[in-house]
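Engineer: here is a sequence with its predicted model. Questions after.
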Amino acid sequence: MTALVNFFVGYLASLIGLIPPGLLNMTAAKIGVKQGRKPALIFSVGVIVVVCVQTGLGLAFARYIEQHPEIVDILQKVTLGIFLALTFYFFVLAKDTRREIPKGVKRSKTNRFLYGILLSSLNMLPIPYWVYVSISLSALGWFFFDPQVIGWAIFGSATGTFSMLLIYIYFFQRKLPIGNFGFNLNYFLGAITGLISLITVIRIWQRM
């Protein structure tokens, strides 16, 4: 029973966390529209690999971080630096997604997979997110840190993440023809990372 509870907590927490348009789900959608469904799924698998690691880290350090709030401050500052760098990249360095993709260009499955790993690694928010979720639900008796069932929460997190990425990929493919973004999606992604940076700055300022 405890294993099932942990699985559903992992699944629902990841699913809900990815409902708002964000860096990973919108990138998966962009790849699906511009390159097709298969590269987007390969990208998603790369994302899931890192999500499993981040979920495990968040759960492993949940109790410790709860007793040492200064760790949360450090994570927030690291996250701020990462998202500021991503905002600069999307607004200044990234190519315009409205540009046509040359025909006949072969796409590497390995590159899509590694891109998923890299982009997911830059997103440090799942670690403090899982610290908060696990500690809060554990206090209510709705989550269990037992080593024998903690893996079910990680499996649920991976499944929930993949489910929401699939929803974004299929939704955008049905709504938009491949290669027909009417706006530069990188600007949208940059706006998201910029907003997250602003929220992080506010939270750091409030804790000072």
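Structural biologist: Now that the structure is in, tell me what you want to look at.

Engineer: quick check: Ala158 touching Gln54?
Structural biologist: No. Counting by CB atoms under 8 Å, Gln54 is not a contact partner of Ala158; they are 10.5 Å apart. Using the backbone N, CA and C atoms, a C-beta is placed for each residue, glycine as well.

Engineer: need the contact list for the closest residue to Gly46 other than its chain neighbours.
Structural biologist: Leaving aside its chain neighbours, Gly46 sits nearest to Gly116 (2.4 Å; criterion: CB to CB, 6 or more residues apart in numbering). Shown in contact with Gly116 (CB atoms under 8 Å, 6 or more residues apart in numbering): Ile42, Phe43, Ser44, Val45, Gly46, Val47, Ile48, Val49, Val50.

Engineer: swap in 6 Å and give it another go.
Structural biologist: Gly116 is in contact with Phe43, Gly46, Val47, counting by CB atoms under 6 Å, 6 or more residues apart in numbering.

Engineer: now do the buried residues in the helix or strand containing the first one.
Structural biologist: Counting by DSSP states H and E, the secondary-structure element that holds Phe43 is helix 37-60. Buried residues in helix 37-60, defined by neighbour count with 16 or more other CB atoms under 10 Å: 39-48, 50-56, 58-60.

Engineer: do the same with stretch 5-24
Structural biologist: The neighbour-count check on stretch 5-24 (16+ other CB under 10 Å) flags 5-7, 9-11, 13-15, 17-18, 22-24 as buried.

Engineer: centre of the chain to it, how far?
Structural biologist: Offset of stretch 5-24 from its chain centre (CA atoms, centre = their mean, to the nearest Å): 9 Å.

Engineer: how about that stretch as PDB, C-alpha atoms only?
Structural biologist: Extracted in PDB, the C-alpha atoms of stretch 5-24 (Å, rounded to 0.1, in the frame of the first residue of the first chain):
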ATOM      1  CA  VAL A   5       0.900   5.800  -2.300                       C
ATOM      2  CA  ASN A   6       4.400   6.800  -3.100                       C
ATOM      3  CA  PHE A   7       3.900   6.000  -6.800                       C
ATOM      4  CA  PHE A   8       0.800   8.200  -7.100                       C
ATOM      5  CA  VAL A   9       2.400  11.000  -5.200                       C
ATOM      6  CA  GLY A  10       5.400  10.900  -7.600                       C
ATOM      7  CA  TYR A  11       3.100  10.700 -10.600                       C
ATOM      8  CA  LEU A  12       0.700  13.400  -9.700                       C
ATOM      9  CA  ALA A  13       3.300  15.800  -8.300                       C
ATOM     10  CA  SER A  14       5.400  15.600 -11.500                       C
ATOM     11  CA  LEU A  15       2.300  15.800 -13.700                       C
ATOM     12  CA  ILE A  16       1.000  18.900 -11.900                       C
ATOM     13  CA  GLY A  17       4.400  20.500 -11.900                       C
ATOM     14  CA  LEU A  18       4.700  20.300 -15.700                       C
ATOM     15  CA  ILE A  19       1.100  21.600 -16.500                       C
ATOM     16  CA  PRO A  20       2.100  25.300 -16.800                       C
ATOM     17  CA  PRO A  21       4.100  26.000 -19.900                       C
ATOM     18  CA  GLY A  22       7.800  25.700 -19.000                       C
ATOM     19  CA  LEU A  23      11.300  25.200 -20.400                       C
ATOM     20  CA  LEU A  24      11.100  21.400 -20.700                       C
END
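
Engineer: please consider this matter closed, and thank you.
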